[in-house]
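Student: sequence first, then the predicted structure:
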Amino acid sequence: MIRLSLIGIGTGNPDHITLAGVRALREAALILLPRKGEARSDLVDLRRLLCRSLLDEAAGPRIVEFDLPCRDGRDDYLGAVADWHEAIAETWHEQMAHHLPRGGRVAMLIWGDPSLYDSSLRIAERLTRREGGPTLEVEVVPGITSLQVLTAEHRIPLNALAEPVQITTGRRLRERGWPTDAASVAVMLDGGGAFQSLAPQGVHIWWGAYLGMDKQCLIEGPLAEAGPAIVERRAALRERHGWIMDIYLLARTPLLPRTPR
């Protein structure tokens, strides 16, 4: 049997991993680190840093890096993602079968938390349904999400007093507009500037990129003013680093009384 621990590691800051996450790493026989191409090498570099800082190099788990399959860019988004997840599941299976043929404990470091806009649990579920493979038991160790870091860095609550908040994607915001009955909207997985599809009057935005990392960047303000600045800064950062991970919160109701910074 293989026990797979999906460990939320926060947004890149080693201080964000929990004691439960550290314990799960140290108890693993194998840690798998995915590589996502040269342009996003920072992501595997941070995972390596976490392992070096938290584990005993001589007596710790075996650490193996592997290349993730790429998702094709066809118009059938959900179909493309399903095929991509199947390819990743196959890669996970190959790595586990090769490095732990008799079973054991495997750990994978998941950005943020495995439960929030991350596909690791769906991919693991594909593995549990495979015929002829080892029995797979999945353990989830929660982590700090980018949404938590965003609100912490901007020093704001997620929701207005007694008001609902909705978490959505840039694609959905662009296609469907402001969600019904949501006073606050948290937007993830935005390819760039979906907030530009909204009427900006009365909307405030809190944006963050590379949260928890040395290159962290924050912008906030009325959407009409801050929106163009975010689009410009985002393009410059992506050009400089070759990749970007960002998130933002929109609100029509004040989250806090406005005070000078």
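Tutor: Arrived safely. On a predicted model such as this, the values are computed, not experimentally measured, just so you know.

Student: pLDDT score assigned to Leu109?
Tutor: On pLDDT, Leu109 comes in at 94.

Student: same check on Ala235?
Tutor: Listed pLDDT for Ala235 reads 96.

Student: how about the one 4 residues further on?
Tutor: You'll see Glu239 listed with a pLDDT of 93.

Student: can you get me a residue count around it?
Tutor: The tally of other residues near Glu239 (other CB atoms under 10 Å) stands at 9. Glycine gets a C-beta too; all of them are placed from N, C-alpha and C.

Student: and the helix or strand containing it, what does it pack onto?
Tutor: Here Glu239, judged by DSSP states H and E, is contained in helix 223-241. Packing partners of helix 223-241 (3 or more CB pairs under 8 Å, 6 or more residues apart in numbering; DSSP states H and E): strand 204-209, strand 217-222, strand 246-251.

Student: closest one to Arg126 among these?
Tutor: strand 246-251 (26.9 Å; CB to CB).

Student: any idea of the angle that closest one forms with helix 223-241?
Tutor: Interaxial angle, strand 246-251 versus helix 223-241 (axes from the mean of the first three to the mean of the last three CA atoms, to 10 degrees): 170 degrees.

Student: partner strands of strand 246-251, parallel or antiparallel?
Tutor: Counting by DSSP bridges, the strands paired with strand 246-251 are strand 184-188 (antiparallel), strand 204-209 (antiparallel).

Student: quick one: stretch 212-227 to chain centroid distance?
Tutor: Mean-position distance between stretch 212-227 and its chain equals 18 Å (CA atoms, centre = their mean, to the nearest Å).

Student: span of that stretch from start to end?
Tutor: End-to-end distance for stretch 212-227: 22 Å, by CA to CA, to the nearest Å.

Student: with stretch 211-229 instead?
Tutor: OK, stretch 211-229 end separation, CA to CA: 18 Å.

Student: in stretch 8-19, what's buried?
Tutor: For stretch 8-19, the neighbour count (16 or more other CB atoms under 10 Å) marks Gly8, Ile9, Gly10, Thr11, Gly12, Asn13, His16, Ile17, Thr18 as buried.

Student: ok, now stretch 22-40?
Tutor: For stretch 22-40, using 16+ other CB under 10 Å, the buried residues are Val22, Ala24, Leu25, Ala28, Ala29, Leu30, Ile31, Leu32, Leu33, Pro34, Arg40.

Student: show me the two of those residues that sit farthest apart.
Tutor: Ala29 and Arg40 (27.0 Å).

Student: okay, stretch 158-176 in CSV with CA atoms only?
Tutor: Output in CSV follows, covering the C-alpha atoms of stretch 158-176 (Å, rounded to 0.1, in the frame of the first residue of the first chain):
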residue,chain,number,x,y,z
LEU,A,158,-12.1,38.6,3.6
ASN,A,159,-15.8,39.6,3.9
ALA,A,160,-17.7,42.8,4.7
LEU,A,161,-19.6,42.7,8.0
ALA,A,162,-22.3,40.0,7.9
GLU,A,163,-22.0,39.9,4.0
PRO,A,164,-21.3,36.9,1.8
VAL,A,165,-18.1,36.4,-0.2
GLN,A,166,-17.6,34.2,-3.4
ILE,A,167,-14.4,32.6,-4.6
THR,A,168,-14.3,32.3,-8.4
THR,A,169,-11.9,32.3,-11.4
GLY,A,170,-11.0,35.0,-13.9
ARG,A,171,-12.7,33.0,-16.6
ARG,A,172,-16.0,32.9,-14.7
LEU,A,173,-15.8,36.5,-13.8
ARG,A,174,-15.2,37.5,-17.4
GLU,A,175,-18.0,35.3,-18.7
ARG,A,176,-20.7,35.9,-16.0
